[in-house]
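In: Sequence first, then the predicted structure, then my questions.
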Amino acid sequence: MFRPARSLLVALNRIKECRAVQTSCQNLAEITEYQSVITDEYKRGPAEGRALYLDAQATTQLDPRVLDKMMPYFTSFYGNPHSRTHMYGWETETAVELARNQVANLIGADTKEIIFTSGATECNNIAVKGVARFYKGKKNHIVTTQTEHKCVLDSCRALQAEGFKVTYLPVKPNGLIDLNELEAAIKPETSLVSVMMVNNEIGVKQPIAEIGAICRKRKVFFHTDAAQAVGKVPIDVNAMNIDLMSISGHKIYGPKGIGALYVRRRPRVRVEALQSGGGQERGMRSGTVPAPLAVGLGAACELAQSEMEYDHKYITMLSNHLIKKIMSNLPHVIRNGDAVYWYPGCVNLSFAYVEGESLLMALKDVALSSGSACTSASLEPSYVLRAIGASEDLAHSSIRQVTFVVQYQIMYTYCSGVYFIRLYRFGIGRFTTIEEVDFTAENTIRHVKRLREMSPLWEMVEEGIDLQTIKWTQH
Ligand SMILES: Cc1ncc(COP(=O)(O)O)c(C=O)c1O
């Protein structure tokens, strides 16, 4: 619990400092109002009876210190940052440019290389479609991976419909791509390689610097979707030879509805804009920059930079605690994703002999996810899990065969999701507490044990029957 309390104190101190500076140019009543909004909201905390939050990959809580920085730009400094003829525009533009600088500093970029967008989805669309379409006269091929976020995969599919060729690289069982396969996939007509930095489902961290080096050597642009990585792991776009990079505000304790695309200036990367309009953001993203959100993203980046080391240690401690507690109390738990090249705030586990969605439903006091936020509504097995081979293994293993028996002989009725083991993503963040991790681990252990007690498969395992050796008859 100490982290939110600490943030609140810091936020309140910052407000006092801000008040001292801002009273000369603002209405005092308004400033007092900012304070009351922040203190009330954060002191009250979530209402009683709400599930605790362990879904940091879906989104993160807005840091109160970020909200503190944003508030004046909703009320007092409301000018359009693109208005060039009066002080309302100038003061907002100054704030937006400061934010641009804060984003650039976090990733070792030049301020001019940062383009504000509505989020990582838009960044990925601009990067993938924008580069492919701009260079289509000479090149018509792009390379990506099977485990990208849906917005990258769907952008690639849209390009295929326009006649582009796309190579979707498979990943190894640990979730990482094979660098030799990547190199072999790059052809003279390849314009772009797009590989995400940290996977949103299993947390694996791709070897970005090595991928960047290959792309630079082969004179191909390299885009990385770093929505789950920025502010959490150190990034230097120059050292890593990244040409385009997608950033999302709400994954780093900033506001929703804002993101930033890094676009390299030397060697220059050109993109075809997706939308027409006033030509803002170097012509790559027309539309008024939402100044309060940009200020929030900048503040979130500055905080992430100064607190990255602390956050990483704290989150690693919680993550290790969760994994150790669950795995030392439960057999047959699978950790999905590489155990070394991995961001510890994304713990992905599968529990054998626990069917379908039952555990997710049992853990109703914990907000966590089975798959990514955009696909979790579906009963489809995770395509990421399928890509690392986990569900495929199970589909061909005794578990599937036993499931057939359960379904046809014992006459249980299940949906198709039962054929696949589900993954459970425990997302740990800056505001997660050790008490929350303990609660989650204890409840997971309790419910997995209970659900296994109800499982005919588990009964057989307990009796020492090797399920692999059984020849099942299907009806
Ligand atoms: C890896 C990754 N890319 C892109 C996105 C989309 O981000 P946004 O919500 O900012 O559009 C997400 C969010 O779920 C993500 O995890």
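Out: Cool, the structure landed.
In: Considering only this structure, name the residue that lies closest to the ligand.
Out: In the chain, the residue found nearest to the ligand is Gly119; the distance is 2.7 Å by C-beta to the nearest ligand atom. C-betas here are computed from N, CA, C, even on glycine.
In: Within its local environment, how many residues does that residue see?
Out: 22 (other C-beta atoms under 10 Å).
In: One more: Arg50?
Out: The burial count for Arg50: 10, using other C-beta under 10 Å.
In: Now the phi/psi pair for it, please.
Out: Main-chain torsions, Arg50, degrees, to the nearest 10: phi -80, psi 150.
In: how close does it get to His250?
Out: 19 Å (C-beta to C-beta, to the nearest Å).
In: same thing with Val233?
Out: Distance from Val233 to His250, by C-beta to C-beta: 18 Å.
In: more crowded one of those two?
Out: Shown here are Val233 and His250; by other C-beta under 10 Å, His250 has more neighbours (23 against 16).
In: Quick check: phi and psi on the residue nearest the centre of the chain?
Out: By C-alpha atoms, centre = their mean, the chain has its centre lying nearest to Gln228, at 3.5 Å. Main-chain torsions, Gln228, degrees, to the nearest 10: phi -100, psi 0.
In: May I have the residues that are in contact with it?
Out: Gln57, Met196, Met197, Val198, Asn199, Asn200, Gly203, Lys251, Tyr343, Cys346 (C-beta atoms under 8 Å, 6 or more residues apart in numbering).
In: ok, which of the residues you listed also contact the ligand?
Out: Among those, the residues lying close to the ligand (C-beta under 6 Å from any ligand atom) are Gln57, Met196, Asn200.
In: Dump those to JSON lines, plus neighbour count.
Out: Output for the ones next to the ligand among the contacts of Gln228, formatted as JSON lines (neighbours: other C-beta atoms under 10 Å):
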{"residue": "Gln57", "neighbour count": "28"}
{"residue": "Met196", "neighbour count": "26"}
{"residue": "Asn200", "neighbour count": "28"}
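In: Near the ligand, which residues of the stretch 151-300 of the chain are found?
Out: So the stretch 151-300 of the chain meets the ligand at Cys151, Met196, Asn200, Asp225, Ala227, Gln228, Ser248, Gly259 (C-beta under 6 Å from any ligand atom).
In: Counting by contacts, list what the helix or strand where Ala304 lies packs against.
Out: Element membership for Ala304 (DSSP states H and E) is helix 291-329. Using 3 or more C-beta pairs under 8 Å, 6 or more residues apart in numbering; DSSP states H and E as the contact test, the elements touching helix 291-329 are helix 64-70, helix 87-107, strand 333-335, strand 346-351, helix 434-453.
In: which SS class is the closest residue to Tyr135 other than its chain neighbours?
Out: Closest residue to Tyr135 apart from its sequence neighbours, by C-beta to C-beta, 6 or more residues apart in numbering: Ser191 at 4.2 Å. Recorded secondary structure, Ser191: strand (DSSP: H, G, I helix; E, B strand; the rest coil).
In: Surely Ser191 touches Val131?
Out: Yes. At 5.9 Å, Ser191 and Val131 qualify as touching, with contact defined as C-beta atoms under 8 Å.
In: where does the stretch 51-200 of the chain dip in pLDDT?
Out: Counting by pLDDT under 70, not a single residue of the stretch 51-200 of the chain qualifies.
In: re the thing from before, please flag which of the residues of the stretch 151-300 of the chain next to the ligand sit within helices.
Out: Secondary structure from DSSP state H places Cys151 of these in helices.
In: Give me the common contacts of Ser191 and Val131.
Out: What both Ser191 and Val131 touch, as defined by C-beta under 8 Å, 6+ apart, is the set Ile142, Phe221.
In: what's near enough to touch Asn174?
Out: With C-beta under 8 Å, 6+ apart, Asn174 has these contacts: Val204, Gly337, Asp338, Ala339, Tyr341, Ile388.
In: Tell me if the fourth one really is in a helix.
Out: No. Going by three-state DSSP, the assignment for Ala339 is coil, not a helix.
In: Give me the secondary structure label for the closest residue to it other than its chain neighbours.
Out: In this structure, Ala339 finds its nearest non-sequential neighbour in Asn174, 7.9 Å apart by C-beta to C-beta, 6+ apart. Secondary structure state of Asn174, per three-state DSSP, is coil.
In: How is the protein divided into domains?
Out: 64-303, 308-463 (the TED database).
In: Deepest-packed of these, please.
Out: domain 64-303 (a mean of 21; mean count of other C-beta atoms under 10 Å).
In: measure it end to end?
Out: End-to-end distance for domain 64-303: 11 Å, by C-alpha to C-alpha, to the nearest Å.
In: now that domain, how far from the centre of its chain.
Out: Domain 64-303 has its C-alpha centroid displaced from the chain centroid by 13 Å (C-alpha atoms, centre = their mean, to the nearest Å).
In: residues contacting Glu302?
Out: So Glu302 contacts Gln102, Asn105, Leu106 (C-beta under 8 Å, 6+ apart).
In: what do you get if the cut-off is 10 Å, keeping everything else the same?
Out: Residues counted as contacts of Glu302 (C-beta atoms under 10 Å, 6 or more residues apart in numbering) are Arg65, Val66, Lys69, Leu98, Ala99, Asn101, Gln102, Val103, Asn105, Leu106, Gly231.
In: ditto for Ala104
Out: Applying C-beta under 10 Å, 6+ apart, the residues contacting Ala104 are Asp110, Thr111, Lys112, Glu113, Ile114, Val237, Ala260, Tyr262, Gly298, Cys301.
In: can you tell me which of those residues are in strands?
Out: Ile114, Ala260, Tyr262 (DSSP state E).
In: Now that the second one has come up, it's in contact with Val96, right?
Out: No. Contact between Ala260 and Val96 fails when scored by C-beta atoms under 10 Å: they sit 11.3 Å apart.
In: Now do the shared contacts for those two.
Out: Residues within reach of Ala260 and of Val96 at once, by C-beta under 10 Å, 6+ apart, are Phe116, Ala294, Gly298.
In: And Arg265, its phi and psi?
Out: Dihedral angles for Arg265 - degrees, to the nearest 10 - are phi -100, psi -30.
In: Distance of it relative to Asn238?
Out: 11 Å.
In: Give the residues shared as contacts by the two.
Out: Ala109, Asp110.
In: now Cys123, nearest residue through space, not along the chain?
Out: Ser246 (3.4 Å).
In: Let's verify the one you found: helix, strand, or coil?
Out: Under three-state DSSP, Ser246 comes out as strand.
In: Show the contacting residues for it.
Out: Taking C-beta under 10 Å, 6+ apart as the test, what Ser246 contacts is 117, 119-128, 149, 151-152, 194, 196-197, 223-227, 229-230, 259-262.
In: Also Phe221?
Out: 127, 131-132, 134-135, 139, 142, 190-194, 215, 242-244, 263-264, 267, 269-271.
In: how close does the residue nearest to Val347 when sequence neighbours are not counted get to Ile388?
Out: Spatial nearest neighbour of Val347, excluding adjacent residues (C-beta to C-beta, 6+ apart): Phe426 at 4.2 Å. With distances taken as C-beta to C-beta, Phe426 is found 17 Å from Ile388.
In: Would you mind pulling up the elements that the helix or strand hosting Leu182 packs against?
Out: If you go by DSSP H and E, Leu182 is part of helix 179-185. Here helix 179-185 touches strand 141-145, strand 165-169, helix 208-217, going by 3 or more C-beta pairs under 10 Å, 6 or more residues apart in numbering; DSSP states H and E.
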